[in-house]
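this one's structure only:
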Ligand SMILES: Nc1ncnc2c1ncn2[C@@H]1O[C@H](COP(=O)(O)OP(=O)(O)OP(=O)(O)O)[C@@H](O)[C@H]1O
Ligand SMILES: [Mg+2]
């Protein structure tokens, strides 16, 4: 059985005034160590799908299994980095990045040191005692990423983790995160709007269509691109070929609307 299975997931949001069908018949599975990206127009349900996989949101239909069990965000096996509002403003950066460890009873000098080291590796120096409001958007995003990785989750759910970063920092972080995940054979799902990011980081790309959100097409990333770090992948010929293919597909989805 696969490490992650998403079976016939549907989701409708109900408010007092209307019902919004966000997801329809989503099914796919992932093996351990696989890296999958979710790509698709704004509002196609990417965040909704990630929240369902994390166990934070119960789907109105279908089911998700991680390692054979229903997802439970409190279990240390899931690391979820939300699209926004990810740091607690009244806690310092150090307290924020150790929060997951604390909640999961894994906070000790060793795990704390590891988290602080990662903060350093990710380019945040001397911010430990500062509060989120003292940092730029990109710096906060990096701190949130450290917090997500600190608990050593088996599966990582990343909702546009690099979107607020300048291009150079983004490319560097892609390489760093890619190397970290590969080293520890982590399974990861990345939500992004960036076709290049999806191609250079993933094994597979799921393209979603909107209204209602559904699986439109699946792209396998060629082996040659998967073997090299994201920065290098961006300069390969097969990268450009796949980029154009996905671009055209996204355009056709836009025209459908
Ligand atoms: N809490 C909510 N209540 C009602 N409708 C919601 C809620 N959250 C999302 N939706 C609706 O569900 C659909 C999917 O939203 P979702 O946030 O999952 O999209 P997304 O693909 O992550 O978009 P983006 O790329 O802009 O982040 C949208 O039509 C949105 O308006
Ligand atoms: Mg979203």
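Good, I have the coordinates. Not measured: the values here are computed from a predicted model. Ligands and ions are numbered 1, 2, ... in the order given.

on contacts alone, who are the packing partners of the helix or strand where residue 146 lies?
Using DSSP states H and E, residue 146 sits in helix 137-150. On a contact count with 3 or more Cβ pairs under 8 Å, 6 or more residues apart in numbering; DSSP states H and E, helix 137-150 meets strand 78-81, helix 93-103, helix 109-121, strand 155-159, helix 167-183. Backbone N, C-alpha and C define where each C-beta goes, glycine included.

what's the angle between the second one and helix 109-121?
Meaning helix 93-103. Computed by axes from the mean of the first three to the mean of the last three Cα atoms, to 10 degrees, the angle separating helix 93-103 from helix 109-121 equals 140 degrees.

so how far is helix 93-103 from its chain's centroid?
19 Å (Cα atoms, centre = their mean, to the nearest Å).

hmm, back to that, mind checking the helices and strands packed on helix 137-150 for the one nearest to ligand 1?
Nearest to ligand 1 among the helices and strands packed on helix 137-150 is strand 155-159; the distance by Cβ to the nearest ligand atom comes to 7.3 Å.

tell me the contacts of whichever residue of the chain sits closest to ligand 2?
Closest residue of the chain to ligand 2, Cβ to the ion: residue 47 (3.2 Å). Applying Cβ atoms under 8 Å, 6 or more residues apart in numbering, we find residue 47 in contact with 83, 159, 191.

Contact residues of the stretch 51-200 of the chain facing ligand 1?
residue 83 (Cβ under 6 Å from any ligand atom).

again, only this time at 8 Å
Contact residues (Cβ under 8 Å from any ligand atom) of the stretch 51-200 of the chain with ligand 1: 51, 83, 159-160, 191, 193.

Of the helices and strands packed on helix 137-150, which stretch is the most buried?
strand 155-159 (a mean of 24; mean count of other Cβ atoms under 10 Å).

Quick one: list the elements packing against that one.
Using 3+ Cβ pairs under 8 Å, 6+ apart, strand 155-159 sits against helix 46-54, strand 78-81, helix 137-150, strand 187-191.
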